[in-house]
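# Provided below are the primary sequence and the corresponding predicted coordinates.
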Amino acid sequence: GEYSDLGAASCQDCDPGTYSAEESPRCSDCPKGRWAPSAAETCTPCDSGKFANETASASCTACASGHYAARNESRVCLACAAGTYAASTGTKKCIDCEGGKYSGQASTSCS
């Protein structure tokens, strides 16, 4: 989680969204789908229901309503298919509409 320039007397913390293994001369960006706080030694995969669509992310973003991310380390959220919905943010799985009800793609409810 730290680096040092050649000849430096001390180490400096890596910025959020970057990481550094022990004795590394520099910090590296976290890849898409992963994030890191300040002074991290590794990047952490985003939990399901969240995503990171850029490198060097300091946090993951919850999927919007009507969208989901079923797996960890997602780079994007997917729209719920027609006939399913996601009412809240951070959804891991879309819910099927009840019998007699319908929804379009990326819906937050059925009617």
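Received, thanks.

# now the element after the helix or strand of the chain with the lowest mean pLDDT, going C-ward?
In the chain, no helix or strand scores lower on mean pLDDT, DSSP states H and E than strand 2-3, which sits at a mean of 58. The C-terminal neighbour of strand 2-3 among helices and strands, as given by DSSP states H and E, is strand 12-13.

# low-confidence stretches in this structure?
Within the chain, the segments meeting pLDDT under 70 span 1-8.

# strands of that one, start to end?
Using DSSP state E, the strands found in the chain span residues 2-3, 12-13, 18-19, 28-29, 34-35, 44-45, 50-51, 61-62, 67-68, 78-79, 84-85, 95-96.

# please tabulate those strands in TSV, including the columns mean neighbour count and distance to A106.
Quick note: C-beta positions are derived from backbone N, CA and C, even for glycine. Putting the strands of the chain into TSV (neighbours: other CB atoms under 10 Å; distance: least, CB to CB, whole Å) gives the following:
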stretch	mean neighbour count	distance to A106
strand 2-3	18	42
strand 12-13	14	40
strand 18-19	24	33
strand 28-29	16	30
strand 34-35	22	25
strand 44-45	18	25
strand 50-51	23	15
strand 61-62	18	15
strand 67-68	22	6
strand 78-79	16	4
strand 84-85	22	9
strand 95-96	14	13
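
# dump the ones you listed to JSON lines, plus distance to Y102.
Formatted as JSON lines, the entries for the strands of the chain read as follows, by distance: least, CB to CB, whole Å:
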{"stretch": "strand 2-3", "distance to Y102": "55"}
{"stretch": "strand 12-13", "distance to Y102": "52"}
{"stretch": "strand 18-19", "distance to Y102": "46"}
{"stretch": "strand 28-29", "distance to Y102": "43"}
{"stretch": "strand 34-35", "distance to Y102": "37"}
{"stretch": "strand 44-45", "distance to Y102": "35"}
{"stretch": "strand 50-51", "distance to Y102": "27"}
{"stretch": "strand 61-62", "distance to Y102": "26"}
{"stretch": "strand 67-68", "distance to Y102": "18"}
{"stretch": "strand 78-79", "distance to Y102": "16"}
{"stretch": "strand 84-85", "distance to Y102": "10"}
{"stretch": "strand 95-96", "distance to Y102": "11"}
